[in-house]
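Q: pasted the sequence and its predicted model underneath.
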Amino acid sequence: IFKFLGAISVDLGKDRIKAYLPTILTPLYRELNSTYAEQDPTLKNLSQEIIELLKKLVGLEDFSLAFSAVQKQANQKRALRKKQRALQTVANPDIAARRKLKRHKNKAETRKRKIEFLRPTYKAKRPRSHALKDLAMVE
């Protein structure tokens, strides 16, 4: 898709690309600022190359205006999601509590995995299976 965006922008030319510049820059910006673990470095390099191509094609001033608009929109979306999450914590405390428990459980599992990776002889305690307890009719 990034190669397609680069080809379309070159094909459209300097004058006609300006209207589509924010639309083209949005996925490129998202890829450059992504922080997820399984990130592909070739995609990041490709998006950087296409951004440089667009900079040369459109000019620095027009590019900067469009890029700052995309950046501002992304930051607004991020802030809105954060605000909604905070509101959901107040509105639905049971959902928030479940999310928090899940996050703490994942954190503990990650810590155990990391310890086992760093010290292979050490075996972290794993949660016991409570299959029999779950089946029992305890009141």
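A: That came in fine, so what should we check first?
Q: and the lengthiest helix in the chain, what does it pack onto?
A: Secondary structure of the chain read by DSSP state H shows that its longest helix is helix 60-91. With contacts taken as 3 or more Cβ pairs under 8 Å, 6 or more residues apart in numbering; DSSP states H and E, helix 60-91 sits against helix 21-32, helix 41-58, helix 93-118. Using the backbone N, CA and C atoms, a C-beta is placed for each residue, glycine as well.
Q: repeat the analysis, applying 6 Å as the threshold.
A: Counting by 3 or more Cβ pairs under 6 Å, 6 or more residues apart in numbering; DSSP states H and E, the packing neighbours recorded for helix 60-91 are helix 21-32.
Q: packing partners for the helix it packs on?
A: Counting contacts by 3+ Cβ pairs under 6 Å, 6+ apart, helix 21-32 is packed against helix 41-58, helix 60-91.
Q: next, the angle from the last one to helix 21-32.
A: This means helix 60-91. Interaxial angle, helix 60-91 versus helix 21-32 (axes from the mean of the first three to the mean of the last three Cα atoms, to 10 degrees): 60 degrees.
Q: starting at the chain centroid, how far to helix 60-91?
A: Using Cα atoms, centre = their mean, to the nearest Å, the mean C-alpha position of helix 60-91 is found 13 Å from that of the whole chain.
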